[in-house]
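[1] Just need the structure, nothing else, for what follows:
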Amino acid sequence: MQSASSTALASLARLLGRETSLDVVHGEIRRAAQTVARVAEYGMCLITCSDEFQGELRASFDRDVAQPLMAPLTLQQRRIFSVSNLGGRVEPGALELANDHFTVRTAREGEKLLVVELAAHVGKILEGHDAVYGTLDRFGVRSPCCGALTLLLEKPRSSTTVRYPWFEQLTAFFGPERLAELRADAGPLRLVRTAVVHAVLQVETAIVDLLRDPPRTPTHALICALIVVNQRGPDTAVLVGVHHLRFDAAGAWIEGGASLRARPDSLAPVLENGRLRIDSRPLAREESPRDEELVTRDGVARRSGRLGPAERVLRSALASPELTSEAARVRALTQQLGNRSIDVATYARPILRAVLQRVARQQPEFALAVLYLCANARSPRATELAAFFARPTTTEAAQRTFLHFERELQELDVFVARAVLDYLFGV
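    Prediction:
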C-alpha cells in the first residue's frame, strides 16, 4: 500500500511537463509537503533568477507554500531562504546554510522537511495568434528572457577578455554537446529546451550538495524544479522535476522522484491549446553515448586497465578504510533505489559527483583517477590527466586539478555514470 506522502508525490509528478497555473503547481507542492509524516518543523528555500519578472513566482511561493506551512513558526519576513542570481543557480553551500537556519526544534528531536524550489524561466509574447518564447515586453521594450540563458547560447560580448563566473559554470555544466545542439536549434522553442536542461542540471547539483554534506539531524528534502513562463497576465509554470530525499543517522536515502531529462535531443516541447507540453523520452541504453565502451562494467574495467599509474591509484584507494566505508554507503543507497523500483541510472550522475566531491577532500588523486576513467580517451581532458599522473604531484595540486575538471561530470552520460559506480563500488 502506498503511503500518503508517496501518493501525494505521484500526484505532483503527474504535472510533469505540463504548463499549469502557478497556484495549482504550488498547491500540489504544499500538499506533497503536508503528507510527509512526523515533521516537527519546515524550512523553505527558493532558488531563482535575479530577473525582476520572477517577482510573481516569489510572491506565489510565499503565499501558497511557505506561509501555510510556516505561519505558526515564524514572522512573514523570515520564512524563505532565497538564492537569487543570474539564471537561477545552486550556490555551493547554500542548501547547507538553509538547512542549518531552519533546524530549531529538530536540533533536539523530531524530523524536519526542507522544501527546495528551483525555477528557471522563459518569456512569452503573442504575435497575432502565435506565441513567441524567449522574449517578453519589458516595460515597453522587447527583451530576451531569460537573458542569462540567452547569453549562454550566444556568449557575452566580452567573455574573451572579462571573466563571467556564471557563464563559465553553465558552459561547463551544459557541456559542448548540449550547447552545440541548442545553439544549432533554430526552432521557436529553443529557449524552452534550454531552460529545461538548465533546471534539471541545477536540481542535480542540489541533490549532490545534500548527498555530499547531509543534514546532521533527521531531515526530509522535497526538491522541485520549475520552468516559469513570464507573460502578459498571470505567469504559469511547467514542473520539470520533483525528488524526495530523506536523511537520518543510518545514511541518505532517495524516497522517490521523477524528472524530465537533461539531454536536448530527448525533449519534445509542443504547444497544445496555447500551453506547453514537454515530453521526455525515457532512459534507453540504445541511445549510445559518445564513448560506448564505458556503458558496461566490463568496458569500464578494460578502460581502467589502460590508465597506467591512475589505475594503481584506483586500486590502492579502493582498499583503504575510507573508500570501503564510502562503498558501503553507496551500495546501501542504490539497494534502496532497487527496492523502490527506481532505476539507479536515474540518480547515478549526482551520486557519483557527491561521492567524488566528498572523497576528494582526503584522497583527491582517487577522485582525479575516476575523472580520467570517465573521460573520452581522445579528449583534451584525458590528455591532461594522463600527463598529471605521469609526474610526481602533491595533494594540493591534485585538489586544484580536481576542482578544475569536476564540473564536467555534468556532461557524463547517465549509463556511463551507472557503469562506473558498478565498477568502483559493486552496485
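[2] Against which helices or strands is the helix or strand bottoming out on mean pLDDT in the chain packed?
    None of the helices or strands of the chain scores lower by mean pLDDT, DSSP states H and E than helix 4-13, at a mean of 78. Where contact means 3 or more C-beta pairs under 8 Å, 6 or more residues apart in numbering; DSSP states H and E, helix 4-13 is packed against helix 22-34, strand 236-248, strand 251-259. Using the backbone N, CA and C atoms, a C-beta is placed for each residue, glycine as well.
[3] could you redo the last one with a cut-off of 10 Å?
    helix 22-34, strand 219-230, strand 236-248, strand 251-259 (3 or more C-beta pairs under 10 Å, 6 or more residues apart in numbering; DSSP states H and E).
[4] Which parts of it count as buried, going by neighbours?
    Neighbour counts over helix 4-13 (16 or more other C-beta atoms under 10 Å) mark Ser5, Ser6, Ala8, Leu9, Leu12, Ala13 as buried.
[5] surely the fifth one meets Ile223?
    No: taking C-beta atoms under 10 Å as the definition, Leu12 is not a contact partner of Ile223, at 11.5 Å.
[6] Enumerate every residue touching the residue nearest to the spatial centre of the chain.
    In the chain, the residue lying closest to the centroid (C-alpha atoms, centre = their mean) is Glu204, at 1.8 Å. Going by C-beta atoms under 10 Å, 6 or more residues apart in numbering, Glu204 touches 90, 173, 223, 225, 241, 243, 259, 262, 347, 349-350, 353-354, 409-410.
[7] quick check, it in a helix?
    Yes: assessed with DSSP: H, G, I helix; E, B strand; the rest coil, Glu204 lies in a helix.
[8] Please tabulate the helices and strands packed on helix 4-13 in a markdown table and include distance to Asn376, mean neighbour count and mean pLDDT as additional columns.
    Below are these laid out as a markdown table (distance: least, C-beta to C-beta, whole Å; neighbours: other C-beta atoms under 10 Å; pLDDT from 0 to 100):
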| stretch | distance to Asn376 | mean neighbour count | mean pLDDT |
| --- | --- | --- | --- |
| helix 22-34 | 39 | 20 | 95 |
| strand 219-230 | 28 | 26 | 97 |
| strand 236-248 | 27 | 24 | 96 |
| strand 251-259 | 25 | 20 | 93 |
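[9] quick one: which of those is nearest Val196?
    strand 236-248 (5.2 Å; C-beta to C-beta).
[10] So what's the residue count around Leu318?
    16 (other C-beta atoms under 10 Å).
[11] what's the answer for the one 5 residues further on, then?
    Neighbourhood size, Leu323 [other C-beta under 10 Å]: 20.
[12] Identify the residue spatially nearest to it, adjacent ones excluded.
    Once flanking residues are discounted, Leu323 sits nearest to Ala317: 5.3 Å by C-beta to C-beta, 6 or more residues apart in numbering.
[13] can you check Leu245 too?
    Ala221 (4.4 Å).
[14] Quick check: bridge partners of that neighbour?
    Bridge pairing for Ala221 (DSSP bridges) gives the partners Leu114, Leu245.
[15] My understanding was that it contacts Gly43; is that so?
    Yes: taking contacts as C-beta under 10 Å, Ala221 lies within contact range of Gly43: 9.1 Å.
[16] farthest residue from the center of this structure?
    In the chain, by C-alpha atoms, centre = their mean, Gly128 is the one farthest from centre (36.7 Å).
[17] phi, psi of that residue?
    Main-chain dihedrals, Gly128, degrees, to the nearest 10: phi 70, psi -120.
[18] ok, now Arg232?
    Note on Arg232: backbone dihedrals following degrees, to the nearest 10 are phi -70, psi 130.
[19] Surely it and Ala131 touch.
    No: here Arg232 does not reach Ala131: they are 11.1 Å apart, not a contact under C-beta under 10 Å.
[20] So if I had to pick from those two, which one is more boxed in?
    Ala131 (17 against 10).
[21] Could you look up the SS state of the more buried one?
    strand.
[22] correct me, but it touches Arg275?
    Yes: in this structure Ala131 lies within contact range of Arg275 using C-beta under 10 Å: 9.2 Å.
[23] Touching both of the two, which residues are there?
    Common neighbours of Ala131 and Arg275 (C-beta under 10 Å, 6+ apart) are Val229.
[24] what do Arg232 and Ala131 both touch?
    Contacts common to Arg232 and Ala131, judged by C-beta under 10 Å, 6+ apart, are Lys124, Ile125.
[25] Distance check, Arg315 against Leu373.
    12 Å (C-beta to C-beta, to the nearest Å).
[26] More neighbours: which of those two?
    Leu373 (22 against 12).
[27] so what's the more buried one up against?
    294, 300, 303-304, 306-307, 310-311, 314, 382, 385, 416, 420, 423-424.
[28] Let me know the next secondary structure element after the helix or strand encompassing it.
    If you go by DSSP states H and E, Leu373 is part of helix 364-374. Per DSSP H and E, the first helix or strand lying C-terminal to helix 364-374 is helix 380-389.
[29] Now do the helix or strand following that next one and helix 380-389, the angle between them.
    For helix 380-389, the following helix or strand on the C-terminal side (DSSP H and E) is helix 395-405. Helix 395-405 and helix 380-389 are oriented at 180 degrees to each other (axes from the mean of the first three to the mean of the last three C-alpha atoms, to 10 degrees).
[30] by contact count, what packs against helix 395-405?
    The contact analysis (3+ C-beta pairs under 10 Å, 6+ apart) places helix 395-405 against helix 344-359, helix 364-374, helix 380-389.
[31] doesn't Leu226 make contact with Leu276?
    No: at 12.0 Å, Leu276 and Leu226 do not qualify as touching, with contact defined as C-beta under 10 Å.
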